[in-house]
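# pasted the sequence and its predicted model underneath.
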Amino acid sequence: MMETIKASNICCLDAPFAFSGEKRNINKYFSKLSSIVLLTFLSVSLFGQYSETFSIANKGILIGPCTTNDPTTCASFDFTGVNWTIEGNLSGLVSGAGGTTDDFQTSGGVLTSSGDIDEEICWVSPMLTISGTSASFSCDISWIGGYNDGDYLDVEYNVNGGGWTTVTSLPQSGGGHTINGFSTPTPELPDGSSTVAVNSLGASGQSIQIRMCVDFNSFTESFTLDNVIATNAVTFSDPELDVATKLMMPTS
């Protein structure tokens with residue numbers, strides 16, 4: 001007698017063969033999804049803070065003049081390998097005036113200037129995304145050469161595009177500036193340095209940006225900026241996240 005094979009048995013017998021290709025694709029996507037979750041976790045855990053220590057020398061505006069306020073129109077510049085930029089009024093950067101070269105660049109592990117910048121110029125961080133309940137940041141600054149009337153240095157931050165806020169909590173703050181040059185009868189602010197710190201900024205998912213602006217009008221004056229650290233803030237341009245994006249692409 002011929003054995004009768006039930007339809008349900010046919011389904012079960014044929015399924016491994018009929019859907020083997022789909023199963024392989026599903027396994028691939030689950031494997032990629034696991035990798036994405038792991039890499040995202042690693043990115044937030046290991047790269048949960050932004051850190052700029054200006055360790056790469058000769059980055060920024062190396063020499064003026066600049067034809068516009070775009071730093072890439074300056075006589076010599078290099079922003080390769082860094083994720084920050086320079087903004088402001090670059091018209092004061094000239095070449096050779098007063099026997100020095102006006103610049104705004106990294107040197108000796110800090111951001112500094114060896115000339116007379118004449119107008120306000122700003123270092124600007126990349127846009128950061130707050131990865132914790134809130135963010136905080138700190139940076140090291142110094143002012144050199146006796147800042148006087150009209151000279152200043154500002155540390156500022158911007159939360160979620162709400163406009164720039166200047167830190168004015170230091171003993172040298174005044175006139176709305178983080179560091180404010182003395183006016184007469186006290187002609188010059190003594191050289192000094194400080195760590196600027198701001199806590200509890202914004203909320204998870206919001207953006208934060210940091211900048212340092214400075215203006216002085218003498219070849220003997222200068223500044224340094226170093227160790228810009230933002231905690232619970234990431235750029236989302238880390239290599240791990242780039243790999244995760246690639247893992248999402250289907251493969252044969």
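That came through fine.

# my guess is S125 contacts I210, does it?
Yes - with contact defined as Cβ atoms under 8 Å, S125 reaches I210; the gap is 4.3 Å. Bear in mind the C-beta positions are built from the backbone N, C-alpha and C, glycine included.

# these two: which is more packed in?
Between S125 and I210, counted using other Cβ atoms under 10 Å, I210 has the larger neighbour count: 28 against 23.

# tell me the secondary structure for the more buried one?
strand (DSSP: H, G, I helix; E, B strand; the rest coil).

# could you give the bridge partners of it?
Y157 (DSSP bridges).

# find residues that contact each of S125 and I210.
Contact criterion Cβ atoms under 8 Å, 6 or more residues apart in numbering; residues shared by S125 and I210: V228, A230.

# can you give me the strands for the stretch 151-252 of the chain?
With DSSP state E, counting those that start in this stretch applied, the stretch 151-252 of the chain shows strands at 152-159, 164-166, 179-180, 192-201, 207-215, 222-231, 233-234, listed in chain order.

# okay, those strands in a markdown table with distance to E52 and mean pLDDT next?
Listed next are these as a markdown table, based on distance: least, Cβ to Cβ, whole Å; pLDDT from 0 to 100:
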| stretch | distance to E52 | mean pLDDT |
| --- | --- | --- |
| strand 152-159 | 13 | 97 |
| strand 164-166 | 18 | 98 |
| strand 179-180 | 20 | 96 |
| strand 192-201 | 14 | 97 |
| strand 207-215 | 9 | 98 |
| strand 222-231 | 4 | 98 |
| strand 233-234 | 12 | 95 |
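
# output these as TSV; include the columns distance to I130.
As requested, these are exported to TSV (distance: least, Cβ to Cβ, whole Å):
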stretch	distance to I130
strand 152-159	9
strand 164-166	15
strand 179-180	27
strand 192-201	7
strand 207-215	6
strand 222-231	9
strand 233-234	6
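
# G115: which of those strands is closest?
G115 lies closest to strand 222-231 among the strands of the stretch 151-252 of the chain, at 8.6 Å (Cβ to Cβ).

# so what secondary structure elements neighbour the closest one?
strand 49-52, strand 110-112, strand 135-144, strand 207-215 (3 or more Cβ pairs under 8 Å, 6 or more residues apart in numbering; DSSP states H and E).

# that one vs strand 192-201, what angle?
30 degrees (axes from the mean of the first three to the mean of the last three Cα atoms, to 10 degrees).

# buried residues in strand 222-231?
Buried residues in strand 222-231, counted by 16 or more other Cβ atoms under 10 Å: S222, F223, T224, L225, D226, V228, I229, A230, T231.

# just stretch 229-238 next, same as before
Neighbour-count burial for stretch 229-238 [16+ other Cβ under 10 Å]: I229, A230, T231, N232, A233, V234, D238.

# dump the residues you listed into JSON lines; add distance to V167 as well.
Below are the buried residues of stretch 229-238 laid out as JSON lines (distance: Cβ to Cβ, whole Å):
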{"residue": "I229", "distance to V167": "15"}
{"residue": "A230", "distance to V167": "14"}
{"residue": "T231", "distance to V167": "16"}
{"residue": "N232", "distance to V167": "18"}
{"residue": "A233", "distance to V167": "16"}
{"residue": "V234", "distance to V167": "22"}
{"residue": "D238", "distance to V167": "28"}
